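Enquirer: Here is the input, now give the coordinates:
(chains A and B)
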Amino acid sequence: MTRKLLSWEALLLFILIVVVLINVNLSPFYLGLNNQINLFQLSIEKIIVALAMTLIIINAEIDLSVASVMGLAACTLAYLHAHEQPFVLSLAVSLLIGAAAGAFNGFWVAYAGLPSLVVTLAGLIGYRGLALVLLEDESIGGFPEWFNQVGQQGLMGSVPFSLLLFGLGVVVVWVVLQRSENGRYIYVIGNSADVARYSGVNVKRVKMALFVASGLVSALAGILLAARLGAVRGSTAQGFELDIITMVLLGGVSIFGGSGTLTGVVLSILIILNLRNGLSLVNISGNTQTGIIGLLLILSVLIPNWLASAQSWWARRQESAAQVSG
Amino acid sequence: MTEPILEMRGISKRFGTTQALADVSLALYPGEIHALLGENGAGKSTLIKVMTGIHRPDQGEVWLNGRSITINNPLEAQRHGIAAIHQEPMIFPDLNVAENIFIGHGNRGSIVRWRQMYREAADILARLDVKLDVRSSARGLTLAAQQVVEIAKALSLDVRVLIMDEPTASLSAHEVDQLFKLAKTLKANGVSILFISHRMEEVFSIADRVTVLRDGRFVSTHPASEVTPESAIRDMVGRHMDDFFAKTDKEPGDLLLSVRGLSKDNVFHDINFDVRAGEVVGFAGLVGSRRTDVALALFGIETADAGSVTLNGQPVTIRTPQQAVKLGLAYVTEDRRQLGLTMPMSITTNITLPTLHQYANRFGLVQQRAERQTAETFQQRLSIRTPDVDRPAGTLSGGNQQKVVLSKWLNTQPRLLILDEPTRGIDVGAKAEVHQIIDELAQQGMGIIMISSDLPEVLAMSDRIVVMREGRQMATLNRSEATQERVMAAAMGQTK
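Expert: Below is the predicted model:
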C-alpha cells in the first residue's frame, strides 16, 4: 500500500496541485476557461507528438526527428499550396511525406538494426534540411480560411478543437497501450526485445509500425501548427523535440524502455503547461522557464532514487529496532 | 617431493541452493602441469574463481608457500602470483602488444617510459621463444597470439601459478603445439600450471597429474601415467541415478522431424537425426558442443547454410521464429532470465505472449479474462506455486519460472518441443516435476528434443541420444546401448 501511495503518478499529481494553487494565488484569472483553453492551444502540437513519443520510448527507442518532420510536413503543405495545388491533395501529400520519413527511420532501426538515437539524429538534420530547401528563406501563408479556423478556434461551438484532439489522442493511446495486442508487444519489446523475438513476436514489424506512426502524427502536428500560425517557414517547429521528450520522461516513462504509463505522461503535460503559464504570470522569461523545466526533469530522476533509498533505510531501521526489542 | 606452491584445503562454496564446491582439496607443485577434469557443473570454474579471488570460499583455506592467505579480488591474486588465461583472451585491441603486457602494472610511475617498456616486453617474449612485434597493435593478432600476450602479461607480473581454462578450444592443431611448447617452457622455469580441457588426448600429452571433480566434490588425483581415458571418464561420470524419473516406454508414432546434413559454417557440421511422435531425443555434450546452435537453427533464430529439415513429410526452410511457431515448433531456452521471460511483467503476460493473437478480438483488443483463464489453467496443470497469476514472473522461484516458460510454449500446442537444459538451476523437487511433465507430453504424442548437460537426466529421459562435440555429431545411441561412460567418451572425442 505504501508503494502505491509513493507511486510516480501520485507524486506528479501532488506537484500539479501545488503548481495550480500557486498560480491561482498569483492571478484571479488563472482558473478562467479562456486561460485554460489557451494553455492547450499553445502547445497542442507538441502534446499530440508526445503521446506518440510515449509509445516509442516505452518500446526502448527514441525519435529525435519529430520536430523536423513537423517542419517538413508544414513546408510541404505551404510549398504545394504556393504552387497552386488543390489544398486537400496538398494535405494528403504532407501526411504521406511524414509517414515516409517515419518509414525511412523505421527501416534503419528495425531492419538494419541501427540505434534509433543515431538514425533519428540524422533524420533531425536531414528532414530539417529538406524543409529549408523547399522554402529557402520564404515565409508562406495565405491558407484557406477554414484551415486557419481549425487552428485558431473551436470547431464544435464552445469546445475548442485542440482540447477535443487531446482527448481523442489520450483515449487512442490509452487503448493501444493498455488493451491492445500491439500495445502488449510494445511493453514486452521495451523490456526485452530478445524475449519477444524468441517468443515469435515480429519485433521488426512492431518497431517499423511505431516509427511510421510517429512520422504520421508528427506530420499531422506540423499541419496543425501551420494552421494555428497562419504561415510557415523552414525553421517552423525547430527545437520542439526537446520539449516533447521532456514531457514523456517527466511522466515517468523509463528512457530504457519497458515501463511507464499514459497517466503519468498526461499529468506531466499538465504540469509543464501550468508551470509555464504561472511563470509567465510573474513575468519570468521563456528562456528561464525552459531552465526551470530542465531542473524539474533532473529532479524527476533524482526524487524516485531518494525515495527508494529512504524507504530501504526506513525498512532497515524498523528491522534493527525489531531485533533490539525482540 | 618439494613443498606445494598453492594448496586449496577443504574449499566449500554454495550459491543459493546449489552446493558448487564441497570440501575440495587440491595441491599444485612447482614445475608441474596439473590437469583438472569434470563434467559441466562439476565445479571446475568455481574452483578457479576461488583461486583468482572472484569468489570467496564459504569454508576452507588457501595456502601459498606454506602460509594461509585470503584472496579478496583478482588484483590480490595477481600480487600473489596467481593468474588465469581464458578461452577468450582479455586483451585491449586498441593498445599494442607491449601496452597489453604491462597493462596491470600500476606502480611504474605516472610517466610511461616507452623505450624501457618495449625492451622489457621484448625480453619476456624472447624468454618464451615467441616472435611477436611488441609495437604492433593487438587488434590484428590471432587468438593464439592473443593468448601468448596474456601469458606474457602473467609472466611480467612474476606468475607462479598459471591457470589455463580451456585455452585450446579455438586453436588449430599447430597453434596447440606452440601453446604446449610454451607451457613446457614455463614448467621448466618452475611455474605451476593448472590446465583445464575437454580434450582427453591433450590432457594426456601434457599433464603430469590429473584431478577429477564431480558434483562439486573431489574424486581423485593420480599421476598421469596411472590414468587412462577410460578410468578418467569413469571417475567423471559416476553420478547417482536414484532420484530420477525415467521416461515410460512407448511405441513411437509417425515420423515428425527429419534432419539431414544440417550445417552452419564454423558452428556445426553434418547433423542427422529423426524425431518420431512420442519420442524424446536427448542431445548430450559438453560446453561448446554447439547443441543450442542446432536448436536455434531449427527454430529460425539462426540460419543453417546447408542440409534439409523435413517436418511431417514436408521439406521446410524456417527463417523466423514466427514461422517456426506456426509450423508447430516450440523452443524452451536455456537462458530463462535473458531469453525466456520478461521478469517485471506478469505471469499471465508471459504465458500468453507467443499466442497473444488468439486472445485478441477483431479490433485487436486483448480479452484479458480469457488470458487469465489460460494462465490459471496452467497454474493448476503444472502446479505453478504463486498466490496470483498477475504477479511479476520475477517473483517466482527458478523452478516455477521454468514451469511458466513451459506453460507459455505448451499453450502454443506444439507438435515438436525443443527443451534446452530444462532443469538447469532448479531444485530437486521441481526437477522431478519437470521430468514428469516431459514424460506426459511424450505419452500424448508430442515429439521432444531435450538438450541437457545432466548425463543421468539424458539417460533416464531419452529414447535416443545424439552426442555432439565441437559442432560435430559424434554418436547416436539407442536407449539400450547408452551408458554414462559411452556418452561421455563420445562427448570427449574418445570414439572406438
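Enquirer: show me where the stretch 51-200 of chain A has helices.
Expert: Chain-ordered helices for the stretch 51-200 of chain A, with DSSP state H, counting those that start in this stretch as the definition, fall at A:66-82, A:87-106, A:116-135, A:145-152, A:161-179, A:181-191, A:193-198.
Enquirer: Highest mean neighbour count out of those helices?
Expert: For the helices of the stretch 51-200 of chain A, ranked by mean neighbour count under the definition mean count of other CB atoms under 10 Å in any protein chain shown, the leader is helix A:66-82 at a mean of 28. For glycine as for every other residue, the C-beta is placed from the backbone atoms N, C-alpha and C.
Enquirer: And that helix, what does it pack against?
Expert: Packing partners of helix A:66-82 (3 or more CB pairs under 8 Å, 6 or more residues apart in numbering or on different chains; DSSP states H and E): helix A:33-58, helix A:87-106, helix A:116-135, strand A:139-140, helix A:203-229, strand A:232-233, helix A:240-250.
Enquirer: Out of these, which gets nearest to chain B?
Expert: helix A:203-229 (9.3 Å; CB to the nearest CB).
Enquirer: what mean pLDDT would you report for the closest one?
Expert: The pLDDT scores in helix A:203-229 average 96.
Enquirer: Just give me how far it sits from the chain centre.
Expert: With CA atoms, centre = their mean, to the nearest Å as the basis, helix A:203-229 stands 11 Å off its chain's centre.
Enquirer: which of the residues in it are buried?
Expert: A:203-204, A:206-229 (16 or more other CB atoms under 10 Å in any protein chain shown).
Enquirer: Also stretch B:456-471?
Expert: Applying 16+ other CB under 10 Å to stretch B:456-471 flags B:456-471 as buried.
Enquirer: Report the lowest-confidence entry in these.
Expert: The lowest pLDDT within these belongs to B:Pro456, with 85.
Enquirer: where's that one, which helix or strand?
Expert: Taking DSSP states H and E as the criterion, B:Pro456 maps to helix B:455-461.
Enquirer: Repeat that for B:Val467.
Expert: Residue-wise, B:Val467 maps onto strand B:464-469 under DSSP H and E.
Enquirer: Give the other helices and strands that that strand contacts.
Expert: When contacts are defined as 3+ CB pairs under 8 Å, 6+ apart, strand B:464-469 packs onto strand B:268-276, strand B:280-285, strand B:472-478, helix B:484-491.
Enquirer: In CSV: these, plus mean pLDDT and mean neighbour count.
Expert: Compiled in CSV, the helices and strands packed on strand B:464-469 are given as follows (pLDDT from 0 to 100; neighbours: other CB atoms under 10 Å in any protein chain shown):
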stretch, mean pLDDT, mean neighbour count
strand B:268-276, 96, 19
strand B:280-285, 95, 28
strand B:472-478, 94, 17
helix B:484-491, 89, 22
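Enquirer: Which one of these lies nearest to B:Leu194?
Expert: Closest to B:Leu194 of the helices and strands packed on strand B:464-469, according to CB to CB: helix B:484-491, at 21.5 Å.
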